[in-house]
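Participant: I would like the atomic coordinates for the input below:
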Amino acid sequence: MKEKEEAEEMSKVTAAIIERDGLILLARRKKDKKWGGWLEFPGGKVLPGENPEEGLRRELQEEFGIKAEIKDCLGIFINPALQPGIELWAFRVSITTPPIYLTDHDEILWVSLQKIPLHELLPLDREVVIFLRSLE
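Facilitator: Below is the predicted model of the structure:
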């Protein structure tokens, strides 16, 4: 029973792995936001009643003005020691429009997988990069 209660407390969050010309899109959170100044993959919280794909599409539209096509799920990343209560769903995503604005971020960066600065990434996003690097 306790495991079920803990699972229900997990917040589903999404991450979009968007590649263009061998580079991956990252965004730096605004300083006044939670985890301000850290880099992350675009994405965000899944709202009640949404599945992760719907939540990711909505977040990309709201935060970047991006229209997205969700491809495959790369995995679900959980590490209570790094980010308790978070379940990060990572998806490969293609976009039909470039980012047209930023709401929760100060900047976007396009970086090769090997040059992504792990020390600047949110903890679970770091786990995604380590996983992606293991596939090469």
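
Participant: Sketch out the strands for the chain, chain order is fine.
Facilitator: Per DSSP state E, the chain carries strands over the ranges 11-20, 23-29, 39-40, 43-45, 68-77, 86-95, 105-111.

Participant: Which residue is the nearest non-sequential neighbour of the residue nearest to the spatial centre of the chain?
Facilitator: Central residue of the chain (C-alpha atoms, centre = their mean): residue 15, 2.2 Å from the mean position. Sequence neighbours aside, residue 41 is the residue nearest to residue 15 in space, at 3.8 Å (criterion: C-beta to C-beta, 6 or more residues apart in numbering). C-beta coordinates here come from the backbone N, C-alpha and C atoms, glycine included.

Participant: okay, now the one you found: neighbour count?
Facilitator: By the other C-beta atoms under 10 Å criterion, the neighbourhood of residue 41 contains 24 residues.

Participant: Quick check: which ranges of this protein have low pLDDT?
Facilitator: 1-8 (pLDDT under 70).

Participant: looking at the strands of the chain, which is buried most?
Facilitator: strand 39-40 (a mean of 23; mean count of other C-beta atoms under 10 Å).

Participant: Tell me what the nearest residue to residue 131 once chain neighbours are set aside is bridged to.
Facilitator: Spatial nearest neighbour of residue 131, chain neighbours left out: residue 75 (6.4 Å); criterion: C-beta to C-beta, 6+ apart. Residue 75 has these beta-bridge partners by DSSP bridges: residue 90.
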